[in-house]
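A.B. asks: coords below, sequence missing:
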């Protein structure tokens, strides 16, 4: 499980750090959603976040799904909260770490 937590953290940070071999994934545009280009990289990160929410134990899973729904509403512009995506990703990462350490 810690491998997938590390994979989530690495995928998230690689979105902000340019690595020449992996930057190709950021430029493959799949579609546009509300004026925002959705790349292959965004889709991979989204799938990893969905997996991470499913791995969480029961109370955290419901909270995680609520955060994912709020994140999607923020993405399409229904909810406008500054840096909401970063808050969601950090919440999922912290939940996974706490679940891996069996603190929740």
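C.D. replies: Looks like it came in fine. Here the structure is a predicted model, which is why all the values come from computation and not from measurement.
A.B. asks: pull the distance from the one helix or strand residue 48 maps to to the chain's centre.
C.D. replies: According to DSSP states H and E, residue 48 maps onto helix 40-55. Distance of helix 40-55 from the chain centroid (C-alpha atoms, centre = their mean, to the nearest Å) equals 6 Å.
A.B. asks: nearest spatial neighbour of the residue nearest the centre of the chain, chain-adjacent residues omitted?
C.D. replies: Central residue of the chain (C-alpha atoms, centre = their mean): residue 49, 4.2 Å from the mean position. Nearest residue to residue 49, sequence neighbours excluded (C-beta to C-beta, 6 or more residues apart in numbering): residue 92, at 5.9 Å. (Each C-beta comes from the backbone N, C-alpha and C, glycine too.)
A.B. asks: from residue 81, how far off is the one you found?
C.D. replies: 16 Å (C-beta to C-beta, to the nearest Å).
A.B. asks: comparing these two, which residue is more hemmed in?
C.D. replies: Counted by other C-beta atoms under 10 Å, residue 92 and residue 81 do not tie: residue 92 has more neighbours, with 26 against 12.
A.B. asks: the strands in this protein, which residues?
C.D. replies: For the chain, the strands defined by DSSP state E cover 29-33, 36-39.
A.B. asks: residues touching residue 6, list them.
C.D. replies: Listed by C-beta atoms under 8 Å, 6 or more residues apart in numbering, residue 6 has no contact partners.
A.B. asks: circling back: dump the strands of the chain to CSV, plus mean neighbour count, mean pLDDT and distance to residue 6.
C.D. replies: Shown next, in CSV, are the strands of the chain (neighbours: other C-beta atoms under 10 Å; pLDDT from 0 to 100; distance: least, C-beta to C-beta, whole Å):
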stretch, mean neighbour count, mean pLDDT, distance to residue 6
strand 29-33, 11, 85, 26
strand 36-39, 14, 81, 22
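A.B. asks: the residue nearest to residue 49 reaches residue 51, doesn't it?
C.D. replies: No. The pair residue 92 / residue 51 is not scored as a contact, 10.2 Å apart, by C-beta atoms under 8 Å.
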